[in-house]
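Chemist: Sequence and predicted structure below; questions after.
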Amino acid sequence: MAAKARDFAPREACEWGINLATSLGPALHLPLMPTTHSKAPRGATKNLAVASRKSVRAGESAGRFGATAAEYFAILSRATNDAVRDWQVKHGTLIWPSGLSELFGYEETDATGEINFWLDHIHPDDRARTTESIHQALAGPDESWIGEYRFQHANGSYLHILERAAILRTPDPRVVSAMLDVTARMQLQTQVTRSQRMEAFGQLAGGVAHDFNNFLTTILGYSDLLLSEESLPGKLTNQIGEIHAAANRAAVLTNHLLAFSRRQALEPTVLEINTLVSNLERSLLRLLGENISIVLHLHHRKEGAHVKADAGQLTHILLNLAVNARDAMRRGGRLTIKTSVEEVREGAQPPYVAEVQPGEYVAINVTDNGAGMTEEVKARLFEPFFTTKPSPDRSGLGLATSYGIVRQSGGYISVESEPGKGTTFRILLPRVPAPPPPAYKRRGPRAFLTGTETVLVLEDDASVRHVSVRLLRKLGYDVIEAAHGEDAKRLIAARGKQSIHLLLTDMVMPEISGRTFADWLRIASPLTKVIFVSGYLEESMAPGDRLAPDMLFLPKPFTAEQLATKVREALDG
């Protein structure tokens, strides 16, 4: 007989246990109204005998240690950090031999002695499932029950509990169980699941970005070809320029996507902080929603404020701080990002950051006017796995990771906040000199670097191959093209002793990868230079296809100027 799971009011607690025992009398091998003269059923006698033997063995073990049986079980409970509950089913009463205070924080009272105490403190989302499960176990022939659910601690939080119970089918039926706190295990399982989900997302992002970068390469290439035409009317020139600019903005978004999906540390580069923040503004607007405004207060130094950091990692930090700010402004608000240059002198520490080395720093302040936080939360803010968010998808690693990235870059991160007064995160990164100007500077549509050498273009994407060939031919090069490695080998064989000065090859291709083909070509033509092109993350490639430090690389999407510059760099190097 299966009973329907339900919630219980306090007055129903004992009645539920009595009715359950009565309705399950036949299943429990019990008389409906047992008396002191009733003969125990055969099954109950067997269970009592087993329980008696176990009790005797436990008593003997306790005796060897000079302890009573109760003391012995108390020692075992402390050693395992479990709570033990003894539920007398017929009467609906509970006995807590141990763990009620140590594990759950409750002092023993009359209320804790009722089955309703256990029922009321099971998480509402788990209550029906748990009561249904234990009811089915009691209705069947099983002598044990195992359940997992969330149980409320005295401080209001919920612990994940694994309960293992023995069903004693005696004249006075009991369920004796040990309740194990598996919260840490569940959190670890959540972290592993989230990590696997993020890894899958990274793989998906890499594939999507590769295809997207091919499209952008084609758009940028043909836009450059059109813009190089002298006879193009001015109105069309402006319109094509807008197409080119839009493709460049799309390329920035693709780079953001790649930055999130990377699984290895990136190389730090010299960045101008205002440029980085300005490029992020569009992404932040979409991320924060319509009810949060963004205010930028950027420094006004003509020479700029440069730092040496990884653009993807720094982007990740700022977006993570923006997400935290959004969560703190549930009803909307204002996010302010301020950049400035600060000098820390010897013996003069900023009041908001401790132990800062003297020097010149680029400061980034991210401020919200949200709920703020307490001193207790601020003290643990950068601890791994610490989070104030109830969502299981929040790992508590965002700020800890941000702290590590900033410190690895030689910088400092701190927080100022009070409840109801918002929060300000301050990042200090060492200021570095501006990078030298590029070796080649575009002066106009005819300023591209040209040449007459022979270039082999190896690319499996037809659109990218065609636009690359057209761009190179317009620059004066003799170009041959191939869609895959075997096709390229046939073309080289047909040319006989004619030299190929440069190979421009995609990294990831079917049948033969660009790296494998380049290795073959170096044997057949040792003087041929190589440029590798790809829209994939390098770490997503097979180990044998990755770049060595001395190899030239042109990331997709690229413009005509970038292609022309990289080709001359390879041929003249």
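Modeler: Structure received. Residues are numbered from 1 along each chain as shown.

Chemist: Would you mind identifying the next helix or strand past whichever helix or strand Leu138 is part of?
Modeler: Taking DSSP states H and E as the criterion, Leu138 maps to helix 124-139. Tracing the chain C-terminally past helix 124-139 and defining elements by DSSP H and E, one meets strand 144-152 next.

Chemist: chain center to that following strand: distance?
Modeler: Its chain's C-alpha centre and that of strand 144-152 lie 29 Å apart, by Cα atoms, centre = their mean, to the nearest Å.

Chemist: please renumber so the chain begins at 19
Modeler: All set: I'll call the first residue 19, so the last point we hit is now strand 162-170.

Chemist: So which other helices or strands are in contact with it?
Modeler: helix 142-157, strand 176-186, strand 192-199 (3 or more Cβ pairs under 8 Å, 6 or more residues apart in numbering; DSSP states H and E). The way it works is simple: take the backbone N, C-alpha and C, and place the C-beta from them, glycine included.

Chemist: try it again with 7 Å
Modeler: helix 142-157, strand 176-186 (3 or more Cβ pairs under 7 Å, 6 or more residues apart in numbering; DSSP states H and E).

Chemist: Which of the ones you listed has the highest mean neighbour count?
Modeler: Highest mean neighbour count among those (mean count of other Cβ atoms under 10 Å): strand 176-186, with a mean of 19.

Chemist: and the angle for that strand with strand 162-170?
Modeler: 150 degrees (axes from the mean of the first three to the mean of the last three Cα atoms, to 10 degrees).

Chemist: per the record, what domains does the protein have?
Modeler: With automatic domain parsing as the criterion, the domains of the chain are listed as 28-199, 284-454, 472-590.

Chemist: Mind checking those for the one nearest to Ile261?
Modeler: domain 472-590 (12.5 Å; Cβ to Cβ).

Chemist: wait, isn't Leu302 in contact with Ala340?
Modeler: Yes. In this structure, Leu302 is within contact of Ala340 by Cβ atoms under 7 Å, at 5.4 Å.

Chemist: still on that earlier bit, among the helices and strands packed on strand 162-170, which is nearest Val325?
Modeler: Short answer: strand 176-186, nearest of the helices and strands packed on strand 162-170 by Cβ to Cβ, at 43.0 Å.

Chemist: Tell me where the stretch 419-568 of the chain has strands.
Modeler: Under the criterion DSSP state E, counting those that start in this stretch, the stretch 419-568 of the chain carries strands at the ranges 430-435, 441-450, 472-476, 496-500, 520-524, 547-552.

Chemist: Go through those and name the closest to His315.
Modeler: strand 441-450 (12.5 Å).

Chemist: Just checking: what are the partner strands of the closest one?
Modeler: strand 324-327 (antiparallel), strand 377-386 (antiparallel), strand 430-435 (antiparallel) (DSSP bridges).

Chemist: For the helix holding Leu156, give the mean pLDDT please.
Modeler: Mean per-residue pLDDT for helix 142-157: 93.

Chemist: for it, packing partners?
Modeler: Contacting helix 142-157 under the criterion 3+ Cβ pairs under 7 Å, 6+ apart are the following elements: strand 162-170.

Chemist: The strand it packs on: which residues count as buried?
Modeler: 163, 165, 167-170 (16 or more other Cβ atoms under 10 Å).

Chemist: Lys574: which of the strands paired with strand 441-450 is closest?
Modeler: With Cβ to Cβ as the yardstick, what comes closest out of the strands paired with strand 441-450 is strand 324-327 (23.6 Å).

Chemist: Next SSE downstream of the closest one?
Modeler: helix 329-346.

Chemist: between that next one and strand 377-386, what angle do the directions make?
Modeler: If you take the same axes, to 10 degrees, helix 329-346 sits at 40 degrees to strand 377-386.

Chemist: Okay, buried residues for helix 329-346 please.
Modeler: By neighbour count on 16+ other Cβ under 10 Å, the buried set for helix 329-346 is 329-340, 342-344, 346.

Chemist: Could you do stretch 354-361 as well?
Modeler: 354-358.

Chemist: Spit out the contact partners of the closest residue in space to Asp242 that isn't next to it in sequence.
Modeler: Distance criterion Cβ to Cβ, 6 or more residues apart in numbering; nearest residue to Asp242, sequence neighbours excluded, is Ala578 at 3.4 Å. Contacts for Ala578 were tallied using Cβ atoms under 7 Å, 6 or more residues apart in numbering; they are 239, 242, 466, 489.

Chemist: swap in Glu499?
Modeler: 475, 483, 487.

Chemist: Counting neighbours, which of these comes out on top?
Modeler: Val475 (24 neighbours; other Cβ atoms under 10 Å).

Chemist: Which positions in stretch 233-241 come out as buried?
Modeler: So, applying 16+ other Cβ under 10 Å, buried residues of stretch 233-241: 233-241.
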